[in-house]
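*Asks:* I need the structure of the sequence given here:
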Amino acid sequence: MYCHHGDDFLDQCHRGDDFLDQCHRGDDFLDQCHRGDDFLDQCHRQKHPKCFHVCSVCGADIYDRLWTNNLDIAKRTLEVPFLQDMQLGDLQADYYVSFTIQDVAYLVKVTEMLKQMCQKVKEPEDIHQFMLERFNSYNKYAEETLKLFNLKSVSDINLTSAMKKYLSDYTSIMNDKDPIYFVVALLPFARLWLWLANHLKETPCNAYFTWKKQNSQGHPEKHYKALLNKYLTTADQITQANSIFRQQMQNEHEFFASSLKKQNSSCKCKP
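*Replies:* You can find the predicted model right below:
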């Protein structure tokens, strides 16, 4: 369906081929750059024991470290029945509609949290500005989406267990962690949906090609990269950020996985 974004938010959430080239996030580059866990250990603990920001050997910064450290979840998410059936073009429409409804609830609930963060976080100025920009972007798209579905609110939507946990984890991070970790919590969605869209093998003839097209371009690094590299500078901070990032990546995985259980996968009826 949608990607939680208006025109401004498209820049946040999507990455096209040009960006993939710029960020070198393809599997081939990962091999060339040796940015797996073993190399990070060698680079940051042996050669650069005090370096937690940017590695002078491979150029891997926190923004990219968080992604490469948790790429395994992205790969597992791509294999869930919901996305595989989307890729084949035979996902039953009712499952897609249910997924979309949960997605709308997510959009509205996270918009409300961003509003709270705007009111709560006044300093540092750059983090306040980040929250304000994300709120304006999410809010614009939330209003457009509710209007599209003729909804006044999402109060009557019954959340799935996966979505309840996802939103609960957001709330805990918002209430219990420093604001920079809420920034971290938002990032998995921004990067994962783009990565999934670019890895789904679909043609324009596919009924779900619109989802791929809407989510396949963007530049989330414009919003996140500088902040993460500025405020996550110690081993403890990076460890905590990675834990939150992985938790939210897993929540994304569960959202997609719960949208179509294996036993409910589209039937392959004989003609």
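
*Asks:* helices and strands around the helix or strand hosting residue 162, which ones?
*Replies:* Following DSSP states H and E, one finds residue 162 within helix 161-176. Helix 161-176 makes packing contacts with helix 93-120, helix 179-199, helix 235-258 when contacts are defined by 3 or more C-beta pairs under 8 Å, 6 or more residues apart in numbering; DSSP states H and E. All C-beta spots, glycine's among them, are computed from the backbone N, C-alpha and C.

*Asks:* now the angle from it to helix 179-199?
*Replies:* 150 degrees (axes from the mean of the first three to the mean of the last three C-alpha atoms, to 10 degrees).

*Asks:* mind listing what's buried along helix 161-176?
*Replies:* 162, 163, 165, 166, 167, 169, 170, 173, 174 (16 or more other C-beta atoms under 10 Å).

*Asks:* not counting its own residues, what contacts stretch 102-117?
*Replies:* With contacts defined as C-beta atoms under 8 Å, 6 or more residues apart in numbering, stretch 102-117 is touched by 1-2, 4, 131, 134-135, 138-139, 141-142, 145-146, 149, 151, 153-154, 157, 159-160, 163, 166-167, 170-171, 174, 179, 182, 186, 255, 259.

*Asks:* buried subset of these as a ChimeraX selection?
*Replies:* To isolate the buried members of the contacts of stretch 102-117 in ChimeraX, using 16+ other C-beta under 10 Å:
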select :1,2,4,131,134,135,138,139,141,142,145,146,151,154,157,159,160,163,166,167,170,174,179,182,186,255,259
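
*Asks:* the helices and strands packed on helix 161-176: which one's closest to residue 212?
*Replies:* Taking C-beta to C-beta, helix 179-199 is the member of these nearest to residue 212, at 4.8 Å.

*Asks:* contact partners for the nearest residue to residue 80 once chain neighbours are set aside?
*Replies:* Spatial nearest neighbour of residue 80, excluding adjacent residues (C-beta to C-beta, 6 or more residues apart in numbering): residue 257 at 4.5 Å. Going by C-beta under 8 Å, 6+ apart, residue 257 touches 77, 80, 81, 82, 162.

*Asks:* tell me, how many residues neighbour the third one?
*Replies:* Right, the one you point to is residue 81. The tally of other residues near residue 81 (other C-beta atoms under 10 Å) stands at 19.

*Asks:* swap in the second one?
*Replies:* By other C-beta under 10 Å, the residues close to residue 80 number 21.

*Asks:* what does the first one give?
*Replies:* Using other C-beta under 10 Å, residue 77 has 23 neighbouring residues.

*Asks:* what strand or helix carries it?
*Replies:* Element membership for residue 77 (DSSP H and E) is helix 71-78.

*Asks:* tell me the angle of that helix relative to helix 179-199?
*Replies:* Using the same axes, to 10 degrees: helix 71-78 against helix 179-199 is 50 degrees.

*Asks:* below-threshold pLDDT in the stretch 1-150 of the chain: ranges please.
*Replies:* Residue ranges of the stretch 1-150 of the chain with pLDDT under 70: 1-60.

*Asks:* and the two most separated of the contacts of residue 257?
*Replies:* Pairwise distances across the contacts of residue 257 peak at 14.2 Å for 81 and 162 (criterion: C-beta to C-beta).

*Asks:* phi and psi next, for residue 201.
*Replies:* Dihedral pair for residue 201: phi -90, psi 90, per degrees, to the nearest 10.

*Asks:* wait, doesn't it sit right on residue 89?
*Replies:* No: Residue 201 lies out of contact with residue 89 (C-beta atoms under 8 Å); the separation is 10.7 Å.
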